[in-house]
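Engineer: Predicted model and sequence below, questions to follow.
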Amino acid sequence: MSTKPYQFLVIEDNLADFYLIRSILQRKFPSSEITNAETFKQASSFITSESFFDVILLDLSLPDSQGHSLVKDILKISGDSVVIIITGLEDKEYGLKAINIGIDDYIEKTDLSTSNLYRTITFALERRIASTNLKKANEYIRESGEKFRSLVTQASDTIMTVNLNYNITFINKFDKIYNQSKIQGKNIYSCVPKSNRKKFRELFVKAKKEKSVVNFEFYNTTENNEVSWYSVNIGCLHSSHQEVSGFLLISRDITESKKVEQEILVLNNQLRNFSNSIEMAREDERKHISREIHDEFGQLLAGIKYSIARTLSKKETDVLGIRNMLQKNMLLVDTLIERTRKIARDLRSGILDDFGLEAAIECHFADFTQNTGIQCLYKISNIDPSLSSSHSNAIFRIFQESLTNVAKHSNATKVKLRLEEKNKQLYYTLEDNGVGIDENLLNQRSGVGITCMKERAVMLQGDFKIKKGKTLGTIISVKIPIQ
């Protein structure tokens with residue numbers, strides 16, 4: 001041990017003994033400070049002051065206190081100081097007793113020599129340092145253990161240790177993955193569902209052989225037929241000789257993430273279907289426009305051409321005949337203009353842009369009734385004239401597609417529409433008295449029309465629902481927020 005400077009307190013009322021002790025300390029511990037107290041009262045004053053003493057050398061017989069009571073009083077106030085008794089009594093039994101109650105060591109004055117005192121002090125200091133370090137280490141271990149236990153017990157994952165006999169030696173909490181609530185000490189294979197035991201065995205063997213962490217995912221069906229998914233990591237525990245002494249298992253409930261994955265797959269599939277539906281709708285629209293142009297424009301233009309040719313064949317003197325032919329040409333041109341307007345209106349309603357949503361719906365209802373003979377009733381209320389074009393377009397296109405479906409599939413004789421704006425929401429409900437939609441088809445892939453209506457609502461953060469009526473017909477409901 002290095003002879004670094006120490007603070008000594010010598011509690012000794014015999015000056016001759018004090019001078020002897022001081023001379024030994026000055027030789028063996030140079031530069032150390034040595035303080036003398038001749039009474040317990042004086043010693044108590046020194047010890048309880050701000051000064052700290054590394055070593056207290058205590059005589060058992062003082063003017064104001066002696067023996068066992070003196071030792072106990074000194075120990076109460078000595079704190080972390082090393083306390084060594086220097087006694088003139090040849091009483092080894094009491095010396096041992098004093099050590100048992102907290103004294104670091106003792107030395108008899110008859111054995112007081114430079115080497116004995118130095119050895120006693122240095123050994124006591126070394127023991128105190130070792131004891132202090134041991135206490136700190138134990139406290140660190142205790143705190144680390146508490147932190148570990150707190151971390152493990154509060155962990156959202158299930159953490160488990162298993163020995164080489166596959167018996168569970170620790171588990172932080174019960175988990176639905178295991179079929180017994182009190183499983184510590186049991187064999188893990190008796191706690192794992194039968195359907196997963198083979199996989200567990202394979203992974204234990206693999207982890208031990210490769211001395212690595214293995215991972216796998218599996219699902220478990222509970223008694224209530226609820227499916228839960230888990231991710232399990234299995235790693236090896238090692239002894240001080242780096243031999244495999246057991247296994248560490250960490251299992252995590254990933255049911256929610258699996259649900260999210262499934263939802264993403266469904267959404268991606270819907271997106272692909274919608275993309276295909278859009279392309280099909282475009283192709284159908286092209287075919288429709290092509291047929292309209294071919295059938296309507298082709299016939300009318302051919303008629304106009306034929307009429308013009310007949311007009312040109314008339315004699316110049318046949319003024320009445322020419323006039324009649326020109327009137328027929330005018331009728332054909334009027335019809336052509338009307339057909340052109342109809343196609344343009346079907347592609348994009350000018351009334352919607354010029355007069356708003358309500359007027360466009362009224363006009364389309366009138367055309368629908370005229371073309372199909374289906375009676376149309378409607379109630380439109382509280383629609384803001386400044387409603388955005390995106391909302392107007394979405395509702396109108398949904399309305400158009402709804403009527404198209406009614407005309408094609410419903411065999412209905414009456415259609416009722418309710419459209420209102422309330423609490424910053426657009427509510428659209430269209431109901432017919434037809435045969436009603438086949439609900440089995442709703443669980444399958446939707447047609448292009450329904451898909452387009454649904455996507456128009458979703459693009460505006462809205463909801464789209466279609467269902468069969470309680471008695472007859474089909475009900476289409478749309479709710480779209482207005483921002």
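Structural biologist: In hand now; what should we look at? Numbering: from 1, shown residues only.
Engineer: Kindly provide the distance from the residue sitting furthest away from the middle of the chain to residue 415.
Structural biologist: Most distant from the centre of the chain: residue 317, at 92.4 Å, with distances by Cα atoms, centre = their mean. With the distance defined as Cβ to Cβ, to the nearest Å, residue 317 ends up 58 Å from residue 415. Quick note: C-beta positions are derived from backbone N, CA and C, even for glycine.
Engineer: Could you do residue 438 as well?
Structural biologist: Distance from residue 438 to residue 415, by Cβ to Cβ: 19 Å.
Engineer: What of residue 144?
Structural biologist: 75 Å.
Engineer: ditto for residue 258
Structural biologist: Taking Cβ to Cβ, one finds residue 258 at 44 Å from residue 415.
Engineer: Can you pick out the residue with more neighbours from those two?
Structural biologist: residue 415 (25 against 17; other Cβ atoms under 10 Å).
Engineer: and for the strand or helix carrying the more buried one, what are the contacting residues?
Structural biologist: If you go by DSSP states H and E, residue 415 is part of strand 414-422. Under the contact criterion Cβ atoms under 8 Å, 6 or more residues apart in numbering, strand 414-422 has outside partners 361, 365, 374-384, 387, 395, 399, 403, 406, 426-433, 482.
Engineer: Buried residues in that strand, which are they?
Structural biologist: 415-417, 419, 421 (16 or more other Cβ atoms under 10 Å).
Engineer: now stretch 379-395
Structural biologist: Going by 16+ other Cβ under 10 Å, stretch 379-395 has these buried residues: 380, 383, 387, 391-395.
Engineer: what pLDDT, on average, does that stretch get?
Structural biologist: When pLDDT is averaged over stretch 379-395, the result is 87.
Engineer: so how far does it reach from one end to the other?
Structural biologist: Across stretch 379-395, the terminal residues are separated by 14 Å (Cα to Cα, to the nearest Å).
Engineer: got a list of contacts for that stretch?
Structural biologist: So stretch 379-395 is contacted by 352-353, 356-358, 360-361, 417-422, 426, 428, 456-457, 459-460, 462, 478, 480, 482 (Cβ under 8 Å, 6+ apart).
Engineer: quick one: pLDDT of residue 55?
Structural biologist: In this model, residue 55 carries a pLDDT of 93.
Engineer: Report the beta-bridge partners for it.
Structural biologist: residue 8, residue 82 (DSSP bridges).
Engineer: check contacts around it.
Structural biologist: Neighbours of residue 55 in contact, by Cβ under 8 Å, 6+ apart: 6-9, 81-84, 121, 124-125.
Engineer: let's see it at 6 Å
Structural biologist: Each residue near residue 55 by Cβ atoms under 6 Å, 6 or more residues apart in numbering is listed here: 8, 82, 121.
Engineer: now for the helix ranked longest in the chain, which elements pack on it?
Structural biologist: With DSSP state H setting the assignment, residue counts place helix 114-154 as the longest helix in the chain. On a contact count with 3 or more Cβ pairs under 6 Å, 6 or more residues apart in numbering; DSSP states H and E, helix 114-154 meets helix 15-28, strand 82-87, strand 105-108.
Engineer: Out of those, which one sits most buried?
Structural biologist: strand 82-87 (a mean of 22; mean count of other Cβ atoms under 10 Å).
Engineer: by contact count, what packs against the helix or strand following that one?
Structural biologist: The first helix or strand that comes after strand 82-87 along the chain, using DSSP H and E, is helix 92-100. Here helix 92-100 touches no other helix or strand, going by 3+ Cβ pairs under 6 Å, 6+ apart.
Engineer: and the angle from helix 92-100 to strand 82-87?
Structural biologist: 170 degrees (axes from the mean of the first three to the mean of the last three Cα atoms, to 10 degrees).
Engineer: what is the rounded mean pLDDT of helix 92-100?
Structural biologist: 75.
Engineer: Can you tell me what sits against it?
Structural biologist: Contacts of helix 92-100 (Cβ under 6 Å, 6+ apart): 71, 85, 106.
Engineer: do stretch 474-483 as well
Structural biologist: So stretch 474-483 is contacted by 398, 402, 424-432, 436-437, 457, 460-467, 469 (Cβ under 6 Å, 6+ apart).
Engineer: Can you point out the buried residues in that stretch?
Structural biologist: 474-480.
Engineer: picking up where we left off before, among the contacts of strand 414-422, which ones are in strands?
Structural biologist: 375-381, 426-432 (DSSP state E).
Engineer: Of these, which is the most crowded?
Structural biologist: Going by other Cβ under 10 Å, residue 432 tops these with 29 neighbours.
Engineer: Quick one: classify the closest residue to it other than its chain neighbours as helix, strand or coil.
Structural biologist: Spatially, and ignoring its direct neighbours in sequence, residue 432 is nearest to residue 412 (3.9 Å; Cβ to Cβ, 6 or more residues apart in numbering). Reducing the assignment at residue 412 to three states with DSSP: H, G, I helix; E, B strand; the rest coil gives coil.
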